[in-house]
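1. generate a structure from the sequence data that follows.
(2 chains)
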Amino acid sequence: MKTLFDKIWDAHVVSTVEDGPTQLYIDRHFCHEVTSPQAFNGLRERGLKVFRPEQTTMTADHNTPTINQEQPVSDPISRNQLDTFSKNAADFNMPLFFPLGHIKNGVVHIIGPENGFTHPGATIVCGDSHTSTHGAFGAIAFGIGTSEVEMVLATQCILQSRPKTMRITFNGKLGEGVTAKDLALYMISKLTTGGATGYFVEYAGEAIRNMSMEERMTVCNLSIEMGARGGLIAPDQTTFDYVNGREFAPKGAEWDKKLAYWKTLKTDEGATFDKELAFDAADIKPMITYGTNPGMGMGITESIPTLDQIDEAGRISYQKSLEYMGFEAGEKLEGKTIDYVFLGSCTNGRIEDFRVFANYVKGKKKADNVVAWLVPGSWMVEKQIREEGLYDILTEAGFSLRQPGCSACLAMNDDKVPAGKYAVSTSNRNFEGRQGPGARTILAGPLVAAAAAISGRITDPRN
Amino acid sequence: MEKFITLTSTVVPLPIENVDTDQIIPARFLKATNKDGFGDNLFADWRYNKDGSPKADFVLNNPKYKGTILVAGKNFGSGSSREHAAWAIDGYGFKVVVSSFFADIFRGNALNNGVLPVIVSTDFLAEIFASVNSNPEATLTIDLANQTVTNNANGKSESFEINSYKKECLVNGLDDIDYLLSKKDLIEAYEKTI
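-> Next up is the predicted model:
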């Protein structure tokens, strides 16, 4: 009896190093401009070619502007990094290269699934911790460092220690106005940022089964924020329907063969996990974070924990965190004025997030005190926003769209929140300085972000 | 990679928990296309004022504390997979990071760059902080061969975990790519089974 994780892992073991890691075969490698240049340099220094170029998909996303992409990138250092990315793709004859301006360009974890590169049962890596996103399809997907990027380019394998397994079950249904992001922030607040370190997590239960692929991707995306190596969800009809027909998905007889295999990809009844947790989905409310790591989250109507609720060893860090945010222990945040709203990123930059946001702001007006950055995750999402009429709804409500990229999620480009300003952000990290030096990030789902953009304050979208 | 065997050094204490990779090296410094120079921006936002002058209250700017061992609070290196964090720590001159808990990806990245992450118990970690607090000249000894860490101020030792493959790599200065390249035949054989 095996877990879903065991089945996929075991099918990809090439060899096992004695008292050491496993040599794991990688089906799909995603690659972006920030964590790959040193890996390509490594290949050059060793005189190596890319072993399986067709198994690497390359897109520029982290260090790209979200306005005027058709013009030369103004920052010379960023431009050099993007040029290096293009040169590496050309020098190593990489066939799947989607640079800035390409119709398939966008955030790596968004363009992968939407083009059909992400399949159930696959092993997927990328030099980016949010690679866990692809686990939503029932894949083993995880982030790697640049040395490992080099290993995959050189050999299509990496060396990994087998993680422990955990299953987290969400029983029952999510309440009205509660999104997949709220579920994830709730879970991370319960587990803390290190609570799943060393584990690969399978998400299960009615609330997960009821989710669309976009919602499942949001949940799996945030696995890393509780330290998990990755997260995955058993593929089902929702998964197959999403993958079927996409450009790089299997076709014809190959599809039938793959589908038959994919249908076997679930945890056997009676298989054991190293750890099991269960939550009641009905307990989850719209969530926000109040501190400087994603584990510092609470229901939007709740108060920030007081110092006596914090472990003694963690109090210095806790106080430092609240001081950075300009919040007091015990304070309520509902009604607090905010300055920026960011909708986007590999966590919440998919079409469904824009639907949720647009549906809330329809017929309303953006608050004057709010700067809103709405950044589609890809050109395909952007196109869909226009086709579905969401663009008009957003424009009428006073919003505009930027061009695709990681943008203010990590603020490598000019999309930086100024020091001391509060941003309600649908991204994944509220670390100090993450959205710009001194920026204060409040993580939330797309619905809470929409409510904040309209009222200019932290607002419960259920009201 | 440089070979690692044993090390005795004074330490730089950073008793903060959940030090994430955005603190170790903020994203705006990730635009380089080589591995050099990241040490200058290690902990940049804690270390420098806006005008680039050093913040006097940050430990790296305190001349009392120096050495090649960084000792940090639990869950060090959480967040992004950026290997630039390991390059920054290595570039600054740290050879070892001691904590009671490390994030997975950071731990792997450190090992792939010859920086040894040493996991100690919560009590042992608290004692190191206490020893350094009362005497900044207090030293730790890391013995990789015997997998022990010793707080020389109180003479206490603890053993730490590392798999024998990685230990071998560190002792001999080898990396995973060398190993994987030697297994090309196995990889091609595996591909035929897919």
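
2. quick one: contacts for the residue nearest to residue A:42 when sequence neighbours are not counted?
-> If the residues on either side of it in the chain are set aside, residue A:42 comes closest to residue A:150, at 4.3 Å by CB to CB, 6 or more residues apart in numbering or on different chains. Where C-beta positions appear, they are placed from N, C-alpha and C, glycine not excepted. Contact criterion CB atoms under 8 Å, 6 or more residues apart in numbering or on different chains gives A:38-40, A:42-43, B:177 as the residues in contact with residue A:150.

3. same question, residue A:172
-> For residue A:172, counting by CB under 8 Å, 6+ apart, the contacting residues are A:205-207, A:280-282.

4. that one and residue A:243: what is the separation?
-> Taking CB to CB, to the nearest Å as the criterion, residue A:172 is separated from residue A:243 by 28 Å.

5. and residue 157, backbone torsions?
-> Assuming you mean chain A. Phi and psi for residue A:157, reported as degrees, to the nearest 10, are phi -130, psi 160.

6. try again with chain B
-> Main-chain torsions, residue B:157, degrees, to the nearest 10: phi -120, psi 160.

7. name the SS class of residue 7, please.
-> Defaulting to chain A. Local secondary structure at residue A:7 is given as helix here, using DSSP: H, G, I helix; E, B strand; the rest coil.

8. chain B, not that one
-> Under three-state DSSP, the three-state class of residue B:7 is strand.

9. burial measure for it, as a count.
-> 18 (other CB atoms under 10 Å in any protein chain shown).

10. residue A:88 now?
-> Residue A:88 has 24 neighbours, counted by other CB under 10 Å.

11. same question, the one 5 residues further on
-> As a burial measure, residue A:93 scores 11 neighbours (other CB under 10 Å).

12. same check on residue B:156?
-> The local packing count at residue B:156 equals 14, with neighbours defined by other CB under 10 Å.

13. show me what it is bridged to.
-> The residues paired with residue B:156 through beta bridges, assigned by DSSP bridges, are residue B:151.

14. and it, how far is that from residue B:150?
-> Using CB to CB, one gets 7 Å for the distance from residue B:156 to residue B:150.

15. close to chain A, is the strand or helix carrying residue B:106?
-> Here residue B:106 sits within helix B:104-111, counting by DSSP states H and E. Yes: on the criterion CB under 8 Å from any CB of the partner chain, helix B:104-111 is in touch with chain A at B:104-105, B:108-109.

16. could you check which residue of the stretch 251-400 of chain A lies nearest chain B?
-> Using CB to the nearest CB, residue A:317 is the residue of the stretch 251-400 of chain A that sits closest to chain B, at 4.4 Å.

17. which residues does that residue contact?
-> Listed by CB under 8 Å, 6+ apart, the contact partners of residue A:317 are B:16-18, B:73.

18. what's the answer for residue A:174, then?
-> Counting by CB under 8 Å, 6+ apart, residue A:174 makes contact with A:182-183, A:207, A:210, A:281-282, A:284.

19. ChimeraX command for the buried members of the residues you listed?
-> If you want just the buried ones from the contacts of residue A:174 in ChimeraX, going by 16 or more other CB atoms under 10 Å in any protein chain shown, the selection is:
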select /A:182,183,207,281,284
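
20. list the ones among the contacts of residue A:174 that fall in helices.
-> Assigned to helices by DSSP state H, the following of the contacts of residue A:174 qualify: A:182-183, A:207.

21. quick check: what element follows the helix or strand of chain A with the lowest mean pLDDT along the chain?
-> Sorting the helices and strands of chain A by mean pLDDT, DSSP states H and E puts helix A:315-325 at the bottom, at a mean of 95. Scanning the chain past helix A:315-325 towards its C-terminal end, the next helix or strand to appear is strand A:340-343 (assignment: DSSP H and E).

22. who touches the residue in chain B positioned nearest to chain A in this structure?
-> Residue nearest to chain A within chain B: residue B:165 (2.7 Å; CB to the nearest CB). Taking CB under 8 Å, 6+ apart as the criterion, residue B:165 is in contact with A:17-21, A:159.

23. most neighbours, which of those?
-> With neighbours taken as other CB under 10 Å, the top of the contacts of residue B:165 is residue A:159, carrying 26 neighbours.

24. bridged to that residue, which residues?
-> residue A:23.

25. please apply the same query to the one 5 residues further on.
-> Listed beta-bridge partners, residue A:164: residue A:199 (assigned using DSSP bridges).

26. give me the neighbour count for it.
-> That count, for residue A:164 with other CB under 10 Å as the rule, works out to 16.

27. wait, it touches residue A:276, no?
-> No: assessed by CB atoms under 8 Å, residue A:164 is found out of contact with residue A:276, at 11.7 Å.

28. quick one: mean pLDDT over the lengthiest helix in chain B.
-> Of all segments of type helix in chain B, defined using DSSP H, the longest is helix B:122-134. Across helix B:122-134, pLDDT averages out at 97.

29. what comes up buried for that helix?
-> Burial within helix B:122-134, assessed by neighbour count using 16+ other CB under 10 Å, is assigned to B:124-125, B:127-129, B:131-132.

30. again, but for stretch A:239-252
-> A:239-240, A:242-243, A:246, A:248-250.

31. next one: stretch A:70-86 to chain centre, how far?
-> Here stretch A:70-86 shows a centroid-to-chain-centroid distance of 24 Å under the convention CA atoms, centre = their mean, to the nearest Å.

32. for stretch A:100-114, that is, sorry about that
-> The mean C-alpha position of stretch A:100-114 is separated from the chain mean by 14 Å, CA atoms, centre = their mean.

33. could you pull out the helices for the stretch 201-350 of chain A?
-> A:206-209, A:213-221, A:237-243, A:252-262, A:315-325, A:345-348 (DSSP state H, counting those that start in this stretch).

34. number of nearby residues for the residue lying closest to residue A:331 once chain neighbours are set aside?
-> Spatial nearest neighbour of residue A:331, excluding adjacent residues (CB to CB, 6+ apart): residue A:304 at 5.1 Å. Neighbourhood size, residue A:304 [other CB under 10 Å]: 19.

35. please tell me how far residue A:304 sits from residue A:297.
-> From residue A:304 to residue A:297 the distance is 11 Å (CB to CB).

36. what does residue A:81 give?
-> From residue A:81 across to residue A:297, the span is 33 Å (CB to CB).

37. which elements pack onto the helix or strand that the helix holding residue B:106 is followed by?
-> The first helix or strand that comes after helix B:104-111 along the chain, using DSSP H and E, is strand B:116-119. Other helices and strands packing on strand B:116-119, by 3 or more CB pairs under 8 Å, 6 or more residues apart in numbering or on different chains; DSSP states H and E, are strand B:96-99, helix B:104-111.
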